[in-house]
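Novice: let's see this in three dimensions:
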Amino acid sequence: MARQYPLGRVRNIGIMAHIDAGKTTCTERILFFTGKSHKLGEVHDGTAVMDWMPQEQERGITITSAATTCDWNGHQINIIDTPGHVDFTAEVERSLRVLDGAIALFCAVGGVEPQSETVWRQAEKYEVPRIAFVNKMDRVGADFLAVVGQIQNELGSNAVPLTLPIGAEKDFCGIIDLVAQCAVYYDDDDRGRTFREEPIPAALRAEASRWRHFLIEKAAEADARLLEKFCGDEEISAAELKAAVRAATHARRICPVLCGSAFKNKGVQRLLDAVVDYLPSPVDLPPVIGASPQGNPLERIPKDDGQLAALAFKVMSDKHVGKLIFTRVYSGTLRAGTYVLNSTKGRRQRVGRLMRMHANHREMVDALYSGEIGAVIGLGDTVTGDSICCEEHPIILEAIEFPAPVLSIAVRSAAGGEDEKLTEALRRLAEEDPTFIVTTDAETEETIISGMGELHLEIITDRLRREFGVQVAAGAPQVAYRETLTSEVEINEKYKKQTGGHGQYAHIVMTLEPLEPGQGFEFVNKIKSGAIPREYIPAIEKGIVEAMRKGVWAGFPVVDIRVTVIDGSYHEVDSSELAFRTCASIAFKKAFLQDSPELLEPVMELNVIAPEEHAGAITGNICFRRGRIASMDRRGGDVEITAFCPLANMFGYATELRNMTQGRATFTLHFERYEAVPFTIAEEIIAARKEAAARRTGGRRRLGARA
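Specialist: Purely as a prediction, here's the structure:
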């Protein structure tokens, strides 16, 4: 099948915003007005086409970015509807990496909200040109110009209105098009499909003239010819103004702003016109930059007969077709049945089937052309961020950077015999989502899953149950506590055992003393005159290490201790390596409990960056978590707080910090050192551990009895 539209008539756009700004509703209207769907889907009743996952329909939020394609005025528009919740910011990140332009949605009441700032920074990072759409002009409290001011002041953008609202709240009835210089009214009886253009109402002409003057002034700053006409008070046509606004938008010198109400079907057609008129096609942007396998810089120009260069930006598991690889083709043509090179991994792979996506529906195609976005079946070894190219001309495109996970929980299969099934399901989910990490704690033998927040991990566990049929029990992971001594102690231990024939005999005198935090374990041999033969010394060390590993006081590993063997004796017949290893283990345990043992806990360094007005709440919360504030520094309008907090008290901190700061704070957490646990808390930890051990022992006894 040949390309339907020339490359210059292709638009790859994303819709991004804070949660509940109306992204999915706006996308549903775009699909309706372009004829892609013939029924208006609504988020609130779970019928939105783009929110196809059961979890999305139940919660009324977007969780995963969904792709679709539609046609408008002789142009092909490839759209990715992205989530607004901060837990799923990775979906926005990878979408913006492969898009040419974006629509930034803002609520006419809420304006610039916390996640608006996040997605705006992500778009800046990838240098994506944007147009803004102020949605929900029909809501109580809607204020278009206030939102324009917020975009200018809080986001630092050169926001320039292209439309003005006619009325607001319940009186919102249409828009003024400043480029075409007309008023546009929509027919409510026809769901906004038909509209009429009329002269601008007399009461609004002065304001419209002022804002059109502002629009021309801003556009003229990027167009010398337009500036000359503007300074000479010459008439500027709509075509000239459009061309200047388009060039300034591509250069990211201005951000055109439109308004409307997607739910009331007003302003969406003008938004589609703006996508076609002002956002770039692949040929309007610079060539994509990459590198050869040897590290030499390369570039690819978007053309169908060029050398193939594509980027895998999303992986999705499908129970019917297996692994879907969402791909953006930057240059060349990706054809079904051909062989390509995964240059990131250096592997040759065969392209199976190719599809254009419409949410969870698919359209089979023979090829994906330059500038197009689609899904590939057959690239089994490909993951997010891998480059796909022709074997003769390899190129590695810039990979996608994702934020590190901030929250972890321990999971296990609730039903017996499903451990392998759980492991496979977690592996497939981790392939899909680069911000979902699965690890195994070598010490506690727990499976730990990490993600971007509580909602993120809640969705993961829900998908494990629904899609993979694995019943999962989840809880906070165990904290890796440690034990140590507080003073020096000496032990004289003799081990004798007679069992008929050769017995067992070992005699050890040794001292235990604490070391500085972080120094680990030190073994010193001070045996003189052969009191203990040299060949038995390694066995003594092994016995001590074995006792340290299992713990003595609370069952946690022992650290930061020096053991010095100073004397002992042996029997020529009954002594053996086993006897000395056993004696050393018994001696260590007795000596450890003679002293005042101490429980140590991991202490983390916490760095929080947040608006200054939230500093008091954040520091108070840190102190509540047994944390110590180390420093507070100002960074512009923000404050940076450094503190040291016990890991045991940091579970759930990410969600609490977001609630305290409306999502405006960021934090990092990394291990610093081990510190002593307060005695009263240590007693509670030990009691809980002994109770858990008793339950496990009782469970094993009952299981044995049934067997």
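
Novice: ignoring the adjacent residues along the chain, who's closest to residue 546?
Specialist: Closest residue in space to residue 546, ignoring its immediate chain neighbours: residue 585 at 5.7 Å, by C-beta to C-beta, 6 or more residues apart in numbering. Every residue, glycine included, has its C-beta placed from N, CA and C.

Novice: can you show me the CA trace of the helix or strand where the one you found lies as PDB?
Specialist: Element membership of residue 585 [criterion: DSSP states H and E] is helix 577-594. Output of helix 577-594 as PDB, limited to C-alpha atoms (Å, rounded to 0.1, in the frame of the first residue of the first chain):
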ATOM      1  CA  GLU A 577      38.200 -28.800  61.400                       C
ATOM      2  CA  LEU A 578      34.500 -29.500  62.200                       C
ATOM      3  CA  ALA A 579      35.200 -29.500  65.900                       C
ATOM      4  CA  PHE A 580      36.900 -26.100  65.800                       C
ATOM      5  CA  ARG A 581      34.400 -24.600  63.400                       C
ATOM      6  CA  THR A 582      31.500 -25.700  65.800                       C
ATOM      7  CA  CYS A 583      33.400 -24.500  68.800                       C
ATOM      8  CA  ALA A 584      34.100 -21.100  67.200                       C
ATOM      9  CA  SER A 585      30.400 -20.600  66.300                       C
ATOM     10  CA  ILE A 586      29.200 -21.500  69.900                       C
ATOM     11  CA  ALA A 587      31.900 -19.200  71.400                       C
ATOM     12  CA  PHE A 588      30.900 -16.300  69.300                       C
ATOM     13  CA  LYS A 589      27.300 -16.500  70.100                       C
ATOM     14  CA  LYS A 590      27.900 -16.800  73.900                       C
ATOM     15  CA  ALA A 591      30.300 -13.900  73.800                       C
ATOM     16  CA  PHE A 592      28.000 -11.700  71.800                       C
ATOM     17  CA  LEU A 593      25.100 -12.200  74.200                       C
ATOM     18  CA  GLN A 594      27.400 -11.600  77.200                       C
END
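
Novice: related to what we said a few turns ago, the residue nearest to residue 546: how many residues sit nearby?
Specialist: Neighbourhood size, residue 585 [other C-beta atoms under 10 Å]: 22.

Novice: ok, it to residue 505 distance?
Specialist: Remark: distance between residue 585 and residue 505 (C-beta to C-beta, to the nearest Å) = 15 Å.

Novice: cool, residue 557 as well?
Specialist: If you go by C-beta to C-beta, the gap between residue 557 and residue 505 works out to 30 Å.

Novice: who has more neighbours, these two?
Specialist: When residue 557 is set against residue 505 and neighbours are counted by other C-beta under 10 Å, the residue ahead is residue 505, at 21 against 17.

Novice: still on that earlier bit, partner strands of whichever helix or strand comes after the helix holding residue 585, with direction?
Specialist: Counting by DSSP H and E, the next helix or strand C-terminal to helix 577-594 is strand 598-611. Counting by DSSP bridges, the strands paired with strand 598-611 are strand 482-484 (antiparallel), strand 638-646 (antiparallel), strand 666-676 (antiparallel).

Novice: quick check: mean pLDDT of the next helix or strand after the shortest one?
Specialist: Going down the chain from strand 482-484, the next helix or strand is strand 489-497, by DSSP H and E. Average pLDDT, strand 489-497: 91.

Novice: what's the angle between strand 489-497 and helix 577-594?
Specialist: 140 degrees (axes from the mean of the first three to the mean of the last three C-alpha atoms, to 10 degrees).

Novice: packing partners of the following helix or strand past strand 489-497?
Specialist: Per DSSP H and E, strand 489-497 leads on to strand 504-514 as the next helix or strand towards the C-terminus. Applying 3 or more C-beta pairs under 8 Å, 6 or more residues apart in numbering; DSSP states H and E, we find strand 504-514 packed against strand 489-497, strand 561-569, helix 577-594.

Novice: run the angle between the longest one and strand 561-569 for me.
Specialist: What that stands for is helix 577-594. 130 degrees.

Novice: and the helix holding residue 585, average pLDDT?
Specialist: Per-residue scores along helix 577-594 average to 91.

Novice: tell me the buried residues in that helix?
Specialist: 577, 579-589, 591-592 (16 or more other C-beta atoms under 10 Å).

Novice: what of stretch 660-676?
Specialist: Residues 660, 661, 663, 664, 665, 666, 667, 669, 674 are the ones in stretch 660-676 that count as buried (16+ other C-beta under 10 Å).

Novice: list the contacts of it.
Specialist: 86, 113-115, 117-118, 406, 482, 517-518, 559-560, 598-611, 614, 617-618, 621, 644, 646-647, 650, 653-654, 657-658 (C-beta atoms under 8 Å, 6 or more residues apart in numbering).

Novice: just the buried residues out of these, in PyMOL syntax.
Specialist: Buried subset of the contacts of stretch 660-676, written as a PyMOL selection, criterion 16+ other C-beta under 10 Å:
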select buried, resi 86+113+114+115+118+406+482+559+560+598+599+600+601+602+603+604+606+608+610+614+617+618+621+644+646+647+650+653+654+657+658
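
Novice: quick revisit: show me what the helix holding residue 585 is packed against.
Specialist: Looks like helix 577-594 contacts strand 489-497, strand 504-514, helix 537-550 (3+ C-beta pairs under 8 Å, 6+ apart).

Novice: buried sites along the second one?
Specialist: Neighbour-count burial for strand 504-514, counted by 16+ other C-beta under 10 Å, picks out 504, 505, 506, 507, 508, 509, 510, 511, 512, 513, 514.

Novice: what's the burial count for residue 563?
Specialist: For residue 563, the neighbour count with other C-beta under 10 Å is 24.

Novice: wait, it touches residue 524, no?
Specialist: Yes - under the criterion of C-beta atoms under 8 Å, residue 563 makes contact with residue 524 at 7.1 Å.

Novice: okay, strands next: where are they in the stretch 151-300 of the chain?
Specialist: For the stretch 151-300 of the chain, the strands defined by DSSP state E, counting those that start in this stretch cover 159-161, 163-166, 174-177, 182-186, 195-198, 255-259, 288-291, 297-300.

Novice: return the list of strands paired to the fifth one, each annotated with direction.
Specialist: Meaning strand 195-198. In the sheet, strand 195-198 lines up against strand 182-186 (antiparallel) (DSSP bridges).

Novice: what's in contact with the strand it pairs with?
Specialist: Contact with strand 182-186 is made by 166, 173-177, 192, 194-201, 204, 264-267, 270, as judged by C-beta under 8 Å, 6+ apart.

Novice: repeat that for 10 Å
Specialist: 163-164, 166, 173-177, 192-201, 204-205, 208, 260-261, 264-270 (C-beta atoms under 10 Å, 6 or more residues apart in numbering).

Novice: can you redo the strands paired with strand 598-611 as TSV with distance to residue 79?
Specialist: As requested, the strands paired with strand 598-611 are arranged in TSV below (distance: least, C-beta to C-beta, whole Å):
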stretch	distance to residue 79
strand 482-484	53
strand 638-646	34
strand 666-676	29
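
Novice: need the residues touching each of residue 563 and residue 524.
Specialist: 510, 511, 513.

Novice: looking at these, spot the one nearest residue 69.
Specialist: Closest approach between those and residue 69, by C-beta to C-beta: residue 513, at 72.0 Å.

Novice: which ones are touching the residue nearest to the closest one when sequence neighbours are not counted?
Specialist: Leaving aside its sequence neighbours, residue 513 sits nearest to residue 488 (C-beta to C-beta, 6+ apart; 4.1 Å). Neighbour list for residue 488: 511, 512, 513, 514, 562, 564, 591, 595 [criterion: C-beta under 10 Å, 6+ apart].

Novice: fine by me, thanks again.
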